[in-house]
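In: below is the sequence, then the predicted model.
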Amino acid sequence: MGEIDRLFLRVRVEQSLGIIEDVAAKTDRPLIVQFSGGRDSMVLLELTRTVTSNFVCAYMATGLEFAGFVKYIKDFCAGAGVPLIISNPTMHKGNLFKRVEQFRTWPGLVATWCCRDLKLRPEKKLLQKLYGKGTFYKLEGVRMYESQRRRSLYKDVAETFIREDGEHKKSFDVFPILLWSDYDVINFLQEKGLPTSRLYDDYGVSGCSWCPFYEPAIYKRVLEKLPNHYDRFIEWEEKLGQPSVNGFVYLGDIKREVVDGIPMPVRDEGKPGRSPCQMMLNGELVPTCSVYGHLYIDGTCFRCDILEIKEPL
Ligand code: SF4
């Protein structure tokens, strides 16, 4: 790492430690480190340990993890000697496919109910069961500069680094590394000799192996190594007659291309003459809705035709 990078990193670290110290001073309860096993949460954990021993790592299992990932989380925390709690969807309304069956559709880029139903609500129930109702401070390894979408979602907290948790009333989400760049993260991990999940290197993602935010290229990478990994998704695409990738690509088509060499067909999923609106982002053609979200008119996104999901009962 060069001198300039080291200097930037020192400034970032000091600012992040200050944010964590501030919230640690507000509560007697353990700080909740939202630990996903990825690079950002590894940084977050290391920073939190520097400030206090009164914390617990919380992993929100979704059931969409790659095989062995939850074990990796458990082994890592045991080896590092840090406390870990794990929530899972059975603590709330059941797994993704149960909810897909109920809603008759996939979670989308705006109505990201998978995050709410598989992660946030089960975790809320677990925290209340373990520590009782009241205020929790949840440290999240979100970084603004990771994507355009994140820049716009988090610009309101770029100075305060804290906001009330929309899902868990009276609790707060805290973002100590919100302003860190990719270089800051990589440099910090190298400096501290911290590990990262190998899955991140293999597929470009860790944690959920399927996500409405992933681009087809990620699914191709996974299918090249694990050809049957998405078979249950493909079954449900067929049952619903709806693509699961970004609202307009069928995983079944991706699998046929990767596994059998059959080129993906051009499907017309929209009204006659319509195709999903796309745009260039970082040199890649991506659905516009994956950057800006859907824009619904009369219950249908005018760019990609996906149906709006009403707030479930
Ligand atoms: S699939 Fe994506 S949006 Fe849904 S819970 Fe997993 S990471 Fe969150």
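Out: That came through fine. Numbers count the residues shown, from 1 in each chain.
In: contacts and neighbour counts: CA atoms only from here.
Out: Will do.
In: can you give me the neighbour number for whatever residue of the stretch 1-150 of the chain ends up closest to the ligand?
Out: Per CA to the nearest ligand atom, residue 115 is where the stretch 1-150 of the chain lies closest to the ligand, at 3.6 Å. Burial of residue 115 is recorded as 15 neighbouring residues (other CA atoms under 10 Å).
In: quick one: name the residues of the protein near the ligand.
Out: For the chain, the residues found near the ligand under the criterion CA under 6 Å from any ligand atom are 112, 114, 115, 208, 210, 211, 212.
In: what about the fifth one, how many residues close to it?
Out: Put plainly, it is residue 210. 20.
In: wait, doesn't it sit right on residue 64?
Out: Yes: using CA atoms under 8 Å, residue 210 and residue 64 qualify as a contacting pair, with a distance of 6.5 Å.
In: from the contact counts, what lies against the longest strand along the chain?
Out: Here the longest strand in the chain is taken by residue count, with DSSP state E as the criterion, and it is strand 55-60. If you count contacts as 3 or more CA pairs under 8 Å, 6 or more residues apart in numbering; DSSP states H and E, strand 55-60 packs onto strand 31-34, helix 39-51, strand 84-87.
In: partners of that strand in the sheet?
Out: Strand 55-60 has the following sheet partners, assigned by DSSP bridges: strand 31-34 (parallel), strand 84-87 (parallel).
In: mind saving the C-alpha coords of it as CSV?
Out: Provided in CSV are the C-alpha atoms of strand 55-60 (Å, rounded to 0.1, in the frame of the first residue of the first chain):
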residue,chain,number,x,y,z
PHE,A,55,-21.1,-6.8,20.7
VAL,A,56,-22.5,-9.8,19.0
CYS,A,57,-22.2,-10.8,15.4
ALA,A,58,-25.6,-11.5,13.8
TYR,A,59,-25.8,-13.6,10.7
MET,A,60,-29.2,-13.5,8.9
